[in-house]
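Trainee: this one's structure only:
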């Protein structure tokens with residue numbers, strides 16, 4: 001109960017911090033919404049100028065649903081993608097203060113990341129409701145109830161995968177002076193290879209095969225494929241198992257980096 005109370009206070013403090021800079025975060029979400037709106041209108045123009053009902057294996061309705069759903073996932077996961085807190089704490093020496101607290105710094109960062117994701121998701125959802133209403137004639141419901149439940153599960157797993165991926169990069173600050181460039185590059189890769197911009201089916205087949213062996217497609221591409229029913233329930237279960245494997249592997253890497261990094265860490269006083 002005491003541990004749960006600590007987690008609750010961490011989430012509450014994250015919400016308070018985000019509300020202090022609510023205009024800044026609202027503008028960031030708004031920029032994402034406008035980007036999704038422009039991309040959807042562009043693809044609608046492409047479909048109207050094409051004689052083919054399918055482009056890249058997607059109908060117009062499927063593409064609009066994919067892009068708006070991917071945009072909403074982007075507001076949940078990729079907007080908070082870089083996880084800078086661990087890197088910043090290691091670099092400026094504030095990690096020393098967190099190490100003597102009753103809650104592990106690593107789990108503190110985990111729950112702060114969770115709080116940020118929830119904040120961005122609900123803020124983004126409010127904005128996307130207007131866009132969804134505007135394109136409601138082109139949107140599709142989930143393929144089946146089972147697909148929708150697996151879709152929600154895939155979102156939860158995608159959040160964990162994203163955290164462990166970027167937290168591992170942040171923990172490199174124990175040995176690297178600045179990890180911002182590494183994290184920024186990974187975010188760009190994640191948006192492209194994760195299917196946040198366009199479905200991976202638009203890439204050459206050889207690249208698709210490579211991408212699908214990486215953890216990145218589990219962030220956007222897999223959840224939206226599940227939602228649209230473009231993957232059977234048997235295949236969904238296999239993909240979920242693979243995603244759990246990636247999460248477990250990344251978690252182990254994080255554990256190793258954290259333990260070795262804390263022993264390597266040195267903080268100088270004035």
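Mentor: That came through, no problem. Bear in mind the structure is a predicted one, so any value in this text is a computation, not a measurement.

Trainee: could you use CA atoms for every contact and neighbour count after this?
Mentor: OK.

Trainee: my guess is residue 99 contacts residue 106. True?
Mentor: No - with contacts counted by CA atoms under 8 Å, residue 99 stays clear of residue 106, the gap being 9.5 Å.

Trainee: which neighbouring elements make contact with the helix or strand harbouring residue 35?
Mentor: For residue 35, the host element (DSSP states H and E) is helix 22-49. Judged by 3 or more CA pairs under 8 Å, 6 or more residues apart in numbering; DSSP states H and E, helix 22-49 is in contact with helix 60-76, helix 105-134.

Trainee: check which element follows the longest one along the chain.
Mentor: Put plainly, it is helix 105-134. helix 145-171.

Trainee: distance from the chain centre to that next one, please.
Mentor: A distance of 7 Å separates the centroid of the chain from that of helix 145-171, by CA atoms, centre = their mean, to the nearest Å.

Trainee: centre of the chain to the next helix-or-strand element following that helix, how far?
Mentor: Tracing the chain C-terminally past helix 145-171 and defining elements by DSSP H and E, one meets helix 180-193 next. Computed by CA atoms, centre = their mean, the separation of helix 180-193 from the middle of its chain amounts to 12 Å.

Trainee: in helix 180-193, what's buried?
Mentor: Neighbour-count burial for helix 180-193 flags 180, 183, 186-187, 190-193 (criterion: 16 or more other CA atoms under 10 Å).

Trainee: ok, the closest residue to residue 98 other than its chain neighbours to residue 90 distance?
Mentor: If the residues on either side of it in the chain are set aside, residue 98 comes closest to residue 105, at 5.6 Å by CA to CA, 6 or more residues apart in numbering. Distance, residue 105 to residue 90, using CA to CA, to the nearest Å: 11 Å.

Trainee: between those two, point out the one with more neighbours.
Mentor: It is residue 90, of residue 105 and residue 90, that has more neighbours when counted by other CA atoms under 10 Å, with 23 against 18.

Trainee: who are the contact partners of that one?
Mentor: 173-174, 265 (CA atoms under 8 Å, 6 or more residues apart in numbering).

Trainee: quick one: average pLDDT of the one helix or strand it maps to?
Mentor: Using DSSP H and E, residue 90 sits in helix 84-92. Here helix 84-92 scores 84 as its mean pLDDT.

Trainee: can you list the buried residues in it?
Mentor: Buried, per 16+ other CA under 10 Å, within helix 84-92: 84-91.

Trainee: which one of the helices and strands packed on helix 22-49 is the most hemmed in?
Mentor: helix 60-76 (a mean of 23; mean count of other CA atoms under 10 Å).

Trainee: and the contacts of that one?
Mentor: 29, 32-33, 36, 39-40, 43-44, 47, 53-54, 117-118, 120-121, 124-125, 128, 132, 135, 138-140, 155, 195-198, 220-221, 224, 228.

Trainee: again, only this time at 6 Å
Mentor: 40, 117, 120-121, 124, 138-139, 196, 220 (CA atoms under 6 Å, 6 or more residues apart in numbering).

Trainee: just stretch 167-175 next, same as before
Mentor: Against stretch 167-175 from outside (CA under 6 Å, 6+ apart): 86-87, 254, 261.

Trainee: one more: stretch 36-52?
Mentor: Against stretch 36-52 from outside (CA under 6 Å, 6+ apart): residue 64.

Trainee: quick one: average confidence on that stretch?
Mentor: 87.

Trainee: how about stretch 219-238?
Mentor: Here the average pLDDT along stretch 219-238 is 94.
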